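Asks: Any chance you can model this:
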Amino acid sequence: MPKATWNGRVIAEAPTGEVELVEGNVYFPVGAVRREHLAPSDTHTFCPWKGTASYYNVTVDGQVNQDAAWYYPDPMPAAENIRGRIAFWRGVHVERT
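Replies: Next up is the predicted model:
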């Protein structure tokens, strides 16, 4: 079962059939993410085929991992499969199985 952890805490966990793998990243459904570990960020980036990404800071026990989670609130048609999903990086450990 794919799982994302940081600083010893599970941030997201979902059955394999509920995640999307895109460009080597695991996109978890928002319902599988522990929202208490996410704080809004003002960061945005653009991907030509996925659209504009928005970010969250991941927080655990008062420590902040800046922009360590991202999502596409309004993905381009080619990336519609990641709508409503969140992916992680920057030290967040993601197990794929």
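Asks: Now residue 14. Its backbone dihedrals?
Replies: phi -150, psi 150 (degrees, to the nearest 10).
Asks: For it, which non-adjacent residue is closest in space?
Replies: Spatial nearest neighbour of residue 14, excluding adjacent residues (Cβ to Cβ, 6 or more residues apart in numbering): residue 32 at 3.7 Å. (Each C-beta comes from the backbone N, C-alpha and C, glycine too.)
Asks: likewise residue 86?
Replies: Spatial nearest neighbour of residue 86, excluding adjacent residues (Cβ to Cβ, 6+ apart): residue 71 at 4.7 Å.
Asks: tell me, what residue is most central in the protein?
Replies: Nearest to the geometric centre of the chain sits residue 87, at 2.1 Å (Cα atoms, centre = their mean).
Asks: Can you show me the CA trace of stretch 60-72 as CSV?
Replies: Extracted in CSV, the C-alpha atoms of stretch 60-72 (Å, rounded to 0.1, in the frame of the first residue of the first chain):
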residue,chain,number,x,y,z
VAL,A,60,5.0,17.6,11.8
ASP,A,61,5.5,18.4,15.5
GLY,A,62,6.2,22.1,14.7
GLN,A,63,8.7,21.4,12.0
VAL,A,64,7.9,22.7,8.5
ASN,A,65,8.9,21.1,5.2
GLN,A,66,8.4,24.0,2.8
ASP,A,67,6.4,23.2,-0.4
ALA,A,68,6.8,19.5,0.1
ALA,A,69,3.4,18.6,-1.3
TRP,A,70,1.8,19.7,-4.5
TYR,A,71,-1.5,19.4,-6.4
TYR,A,72,-3.2,20.6,-9.6
